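[1] Pasting the sequence and the predicted coordinates here, then a few questions.
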Amino acid sequence: MPPSVIETENLRKVYRDVVAVDSLTLSVEQGEVFGFLGPNGAGKTTTVKMLLGLVRPSGGRASLLGYKPGEPRAMAQVGFLPEHFHYHPWLTANDFLDFHGRLYGIPDSERRQRIPTLLERVGLGGRGGSRLSEFSKGMTQRIGLAQALLSQPAVVFLDEPTSGLDPLGRRQVRDLIRDLRSEGVTVFLNSHLLSEVESTCDRVAIMRRGRVVGLGTIDELTGMQLEVDVRASGLNDDLRVALAAFGRITFSKGDRLTIQAGDESVLPGIAAVLVNGGAQLYSLTPRRLSLEDLFVRLVEGDTA
Amino acid sequence: MSVFTVARLTFLEARRRRLLQLVLVMGIAFVALFAVGYYLIHSQGRFAMVGERLEVSNILLLMGLYAANFLGVVLAVVMSVDVIAGDIGSGAMQTLVTKPLLRWQVVVGKWLGLSVLLSVIMTLVSAALVLVAWIISGYLPDHLPQGIALMVLAQLLVLTVSIFGGTFLNTLANGIFVFMLYGLVFIGGWIEQIAAFAGNQAATNLGILISFILPSEAIWRRASYLIQPTFLRQLNAGPFVTVSTPSPATVVYSVIYVGVVLALAVIVFQRRDL
């Protein structure tokens, strides 16, 4: 197994008396598109800032490409699009990319060649001479994206990349993330847009108040929590009590009921209880949660 | 390498923001006004003795240089006050420091870019004033290179403090911090002069003590002392005659001061969350 691109161990950040990130342990492998989900204020941006050396952790450990976060050797292979990206408005798009290209140590000839291509790639072809002050919010986001891809990085951190983009722009960003994956680039995507994460990410961590409350592939996460629809005649209270052992019964009316169960392994057990209890079982349908249902459930906390 | 890239950007930005063009136009206007005034006084003034003409030349030139020094200090503050604080506030700093460079290179790069820019402006303006005086009246002050170098040093002192303030204050607070500090040592300088003139040692010492906080005014007074011809200094008249002259040790102190404050700026900036 190749070494992890991003690794954290009990990473922690406390601002005065607010715990922004609480003992975060995770690893992201090379070539993965990793989604970092959570409501606003869950600690997503703070985590990214710690991974990039912008913020000092209060405790724990983090490494990026095997180096300490912020170390130039790591940062040479990293691209970053900050949340609410903003840069000096008086610079032209070319000035801006040229300056950051120099900081990456990209040679002159290479920069001259790469910058127009990049502008094209993010949908700003031919706008190199425009000042950043003339750019709309969406265009600013795009130039920020171009900056993040400038060094042909091995890892790209995107913090809410589609904020400020219209539906077309969002789709372009999604396609871009897919392209990066096919090029073998590791992507760390901070987002609260579930559809975006669902359609692009290999693996997802869900944050709530600084803690990871769910981690895995989307299939794993949504498969962990099944809803089982039962249709059977002869349901009585004894049976309902017996079924409640498999999970909370969220719906019950006539010959239908819904159980919030764990994974698939509960299904034969439910069938056995029903059949042995004298009910006539017509259907037993496991239903996966959508990522959104799961997100809401994890983030709000189960009130059961 | 990265230091020079960041320094280079400071130039580019000054050009893109049209700061350089503005400074050039205003600088020319300033020198032109000085030239007209200087010419009129010399062509139409009545001077009884040669010494009197020389004294007027000296006072006029020092007045011009004093104004240039003051404007240079203001320019140093205005151009640097948001250079770190502003980038942190706008979020641009996050994009900058996540490049393969170290944080000290950002601070030193910005400092270097502005230092070169401000030094060139100060040298050009002072040299232009001296040239005007020389062409019109044939008057050339003493110790010219040292004098101009000291004026540049005074500017760098204020610049460095402003860069330092920007690492922990927001733009507005930093502007207030630097100008208040400058005002403080300005008053301190006059306390020292007037107390020395009145022969009060305690107040003189107080003034000297204040100038340690930011030695920019003391450096200007040493510059004006050096520039004036020796015999005019001994006449002991006029607003630019320094009664209590800062010693060469002040220059050494100032150079160390710039180094230490710049190092502090780097340390504070390295430790802070962005």
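    All right, it came through fine.
[2] any idea how far chain B is from the nearest residue to residue A:39 once chain neighbours are set aside?
    The shortest distance from residue A:39 to any non-neighbouring residue, by C-beta to C-beta, 6 or more residues apart in numbering or on different chains, is to residue A:299 (5.6 Å). Glycine gets a C-beta too; all of them are placed from N, C-alpha and C. In this view, residue A:299 and chain B are 26 Å apart by C-beta to the nearest C-beta, to the nearest Å.
[3] To what extent is residue A:299 buried, counted in neighbours?
    18 (other C-beta atoms under 10 Å in any protein chain shown).
[4] Would you mind confirming that it makes contact with residue A:211?
    No - look at residue A:299 against residue A:211 with C-beta atoms under 8 Å: they stay out of range, at 11.0 Å.
[5] ok so, going back, does the residue nearest to residue A:39 sit in a helix or strand, and which one?
    Here residue A:299 sits within helix A:291-300, counting by DSSP states H and E.
[6] cool, and residue B:30?
    helix B:19-44.
[7] Then residue A:9?
    strand A:6-15.
[8] From the chain's centroid, how far away is the helix holding residue A:299?
    14 Å (C-alpha atoms, centre = their mean, to the nearest Å).
[9] repeat for stretch B:140-152
    Its chain's C-alpha centre and that of stretch B:140-152 lie 13 Å apart, by C-alpha atoms, centre = their mean.
[10] what's in contact with it?
    With contacts defined as C-beta atoms under 8 Å, 6 or more residues apart in numbering or on different chains, stretch B:140-152 is touched by B:58, B:61, B:65, B:68-69, B:72, B:118-119, B:122-123, B:126-127, B:130, B:133-134, B:219-220, B:222-224, B:226-230, B:251.
[11] before we move on, back to that, buried residues, the helix holding residue B:30. List them.
    B:19-20, B:23, B:27, B:30-31, B:34-35, B:38, B:41-42 (16 or more other C-beta atoms under 10 Å in any protein chain shown).
[12] pLDDT and distance to chain A added to those residues, as TSV?
    Listed next are these as TSV, based on pLDDT from 0 to 100; distance: C-beta to the nearest C-beta, whole Å:
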residue	pLDDT	distance to chain A
B:19	88	10
B:20	88	12
B:23	91	16
B:27	93	21
B:30	94	25
B:31	95	27
B:34	94	31
B:35	94	33
B:38	91	37
B:41	88	42
B:42	85	43
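[13] Closest one of those residues to residue B:177?
    Closest approach to residue B:177 among the buried residues of helix B:19-44 (C-beta to C-beta): residue B:19, at 22.0 Å.
[14] check contacts around that closest one.
    Applying C-beta under 8 Å, 6+ apart, the residues near residue B:19 are B:13, B:79.
[15] ok, it to residue A:259 distance?
    Distance, residue B:19 to residue A:259, by C-beta to C-beta, to the nearest Å: 70 Å.
[16] Is residue B:118 inside a helix or a strand, and which specific one?
    Short version, using DSSP H and E: residue B:118 is in helix B:103-137.
[17] Next secondary structure after that helix?
    Next along the chain after helix B:103-137, taking DSSP H and E as the criterion, comes helix B:144-166.
[18] how would you label the residue most central in space within chain A: helix, strand or coil?
    Residue closest to the average C-alpha location in chain A (C-alpha atoms, centre = their mean): residue A:35, at 1.8 Å. Secondary structure, DSSP: H, G, I helix; E, B strand; the rest coil: residue A:35 is strand.
[19] Tell me how many other residues crowd the residue lying closest to it once chain neighbours are set aside.
    Residue nearest to residue A:35 in three dimensions, not counting chain neighbours: residue A:201, with 3.4 Å by C-beta to C-beta, 6+ apart. Residues lying near residue A:201 (other C-beta under 10 Å) number 24.
[20] in terms of contact, does residue A:201 touch residue A:216 like I think?
    No - using C-beta under 8 Å, residue A:201 is not in contact with residue A:216, being 10.9 Å away.
[21] give me every residue that touches the closest residue to chain B within the stretch 101-250 of chain A.
    With C-beta to the nearest C-beta as the measure, residue A:103 is the residue of the stretch 101-250 of chain A nearest to chain B, at 4.0 Å. Contacts for residue A:103 (C-beta under 8 Å, 6+ apart) come out as B:2, B:5-6, B:96, B:99-101.
[22] what does residue A:16 give?
    No contacts exist for residue A:16 under C-beta under 8 Å, 6+ apart.
[23] Angles on the backbone of it, please.
    Residue A:16 has phi and psi values of phi 50, psi -100 when expressed as degrees, to the nearest 10.
[24] now swap in the one 5 residues further on and tell me
    Backbone geometry at residue A:21, expressed as degrees, to the nearest 10, gives phi -130, psi 130.
[25] ok, now residue A:248?
    phi -70, psi 140.
[26] Verify the contact between it and residue A:259 for me.
    Yes - taking C-beta under 8 Å as the definition, residue A:248 is a contact partner of residue A:259 at 7.2 Å.
[27] And these two? Which one has more around it.
    Set side by side, residue A:248 and residue A:259 show more neighbours around residue A:259, with 24 against 11, by other C-beta under 10 Å.
[28] Can I take it that that one is in a helix?
    No - assessed with three-state DSSP, residue A:259 is strand; it does not lie in a helix.
[29] Find me the pLDDT at it, would you?
    Listed pLDDT for residue A:259 reads 89.
[30] beta partners of it?
    Beta-bridge pairing for residue A:259 (DSSP bridges): residue A:228, residue A:249.
[31] who's in contact with it?
    Residues counted as contacts of residue A:259 (C-beta under 8 Å, 6+ apart) are A:227-228, A:230, A:243-244, A:246-250, A:270.
[32] Okay, angle between the helix holding residue A:299 and strand A:33-37 too, please.
    If you take axes from the mean of the first three to the mean of the last three C-alpha atoms, to 10 degrees, helix A:291-300 sits at 50 degrees to strand A:33-37.
[33] Just list what helix A:291-300 packs against, helices and strands only.
    helix A:194-200, strand A:203-208, strand A:211-217, helix A:218-223 (3 or more C-beta pairs under 8 Å, 6 or more residues apart in numbering or on different chains; DSSP states H and E).
[34] closest one to residue B:244 among these?
    strand A:203-208 (64.1 Å).
[35] May I see the buried residues of that closest one?
    With the criterion 16+ other C-beta under 10 Å, strand A:203-208 contains buried residues A:203-208.
[36] Report all helices and strands that it contacts.
    Applying 3+ C-beta pairs under 8 Å, 6+ apart, one finds that strand A:203-208 contacts strand A:33-37, strand A:211-217, helix A:218-223, helix A:291-300.
[37] Could I get the contacting residues of residue 186?
    All of this is about chain A. Per C-beta under 8 Å, 6+ apart, neighbours of residue A:186: A:5-6, A:28-34, A:154-156.
[38] meant chain B, my bad for not saying
    Applying C-beta under 8 Å, 6+ apart to residue B:186 gives the contacts residue B:217.
[39] distance of it from chain A?
    Going from residue B:186 to chain A by C-beta to the nearest C-beta gives 33 Å.
[40] Surely that residue is within a strand?
    No - checked against three-state DSSP, residue B:186 lies outside a strand; its state is helix.
[41] sorry, back to before: the helix holding residue A:299 vs strand A:203-208, what angle?
    For helix A:291-300 against strand A:203-208, the angle by the same axes, to 10 degrees is 40 degrees.
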